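**Q** Here you go, sequence then predicted model.
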Amino acid sequence: MTDLPRIVGMVHLPSLPGAPGFDGDRGAIRRRVRADARALADGGVDGLIVENFGDAPFHPDDVPEHVVASMTDLTGLVRREVDCRVGVNVLRNDATAAVSVAAAAGADFVRVNVHTGARVTDQGVIEGRANETLRLRDRLDADVSILADTGVKHSAPLGGASGERGVAGDGVDDLVDRGLADGVIVSGPRTGEAVETDRLEAVAERCAERGVPLYVGSGVTPETAPELLSVADGVIVGTALKRGGETTAPVEEARVRRLVDAA
């Protein structure tokens, strides 16, 4: 698998064609994506993730073909625009689409929200499909790393399934040993909210034992980045890099530089 970045910024796509929030202006989407990607790269991140954040309400698993087409086009645009590692996340949990987009567009890694086990979400119960994701990657002969969430944000465990918040190791064993994930992501309960310290430390310890990198996937700020990076191998940052600290706002290069300098 490819080398993974340390500081990863989010390219949150506006509503794509077919989503309720799409305003009919495809050109505006491309301009926004290009601007956000450039601001992230010029600000000093060494990786970014293209994510269909504006497509709420999200499909629970398989997204329509037109979403795959749009994301392949936009990920390719980002790949040509910046010289850093590029990842893909297809919300809410279409890992096969993410791997397909990454393979076609030349991206380096994907994020999978539910890779193993099952979670209760606002889209209903979502089940991991590690068996399908890994086999597809092999069939496509794609050099694409898989970063998998443990106890992903905006969700709760289904019954007593592994990955429940607060459990030592927090599902890392299943993700790595049985799901064959290349890296693990731990986040707070919601977008922009920090992960609990004791949970982060428990997951970090288990990742170190398994020899896989750990990313903090929410609540990262210039103030918290140095401490988080003393525990984790990398951070994924969205809200803190946006104008006014608003998740849906454009990326501001000055905010990116501030966080990178702090880290």
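**A** Received it, and whenever you're ready, just let me know what you need. This one's a predicted model, so the numbers in the text were calculated from it and none came from an experiment.
**Q** what are the ranges of the helices in the stretch 101-250 of the chain?
**A** Along the stretch 101-250 of the chain, the segments classed as helices by DSSP state H, counting those that start in this stretch run 130-140, 172-173, 197-210, 225-231.
**Q** Please pull out the lowest mean pLDDT helix or strand from this protein.
**A** strand 155-157 (a mean of 84; mean pLDDT, DSSP states H and E).
**Q** Let me know which of the helices of the stretch 101-250 of the chain is tucked in deepest.
**A** Mean neighbour counts were compared across the helices of the stretch 101-250 of the chain using mean count of other Cβ atoms under 10 Å; the top stretch is helix 172-173, at a mean of 22. Every C-beta, even on glycine, is put in place using the N, C-alpha and C of the backbone.
**Q** before we move on, back to that, in TSV, list the helices of the stretch 101-250 of the chain along with distance to residue 72 and mean pLDDT.
**A** What follows is the helices of the stretch 101-250 of the chain, written out as TSV (distance: least, Cβ to Cβ, whole Å; pLDDT from 0 to 100):
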stretch	distance to residue 72	mean pLDDT
helix 130-140	13	98
helix 172-173	31	94
helix 197-210	31	94
helix 225-231	31	96
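**Q** Would you reformat those helices as CSV and include distance to residue 70?
**A** CSV is the format used below for these (distance: least, Cβ to Cβ, whole Å):
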stretch, distance to residue 70
helix 130-140, 20
helix 172-173, 33
helix 197-210, 33
helix 225-231, 32
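**Q** nearest to residue 37, of these?
**A** The closest approach between residue 37 and any of the helices of the stretch 101-250 of the chain, judged by Cβ to Cβ, belongs to helix 225-231 at 20.6 Å.
**Q** Can you tell me which helices and strands the closest one packs against?
**A** Using 3 or more Cβ pairs under 8 Å, 6 or more residues apart in numbering; DSSP states H and E as the contact test, the elements touching helix 225-231 are helix 197-210, strand 234-237, helix 253-262.
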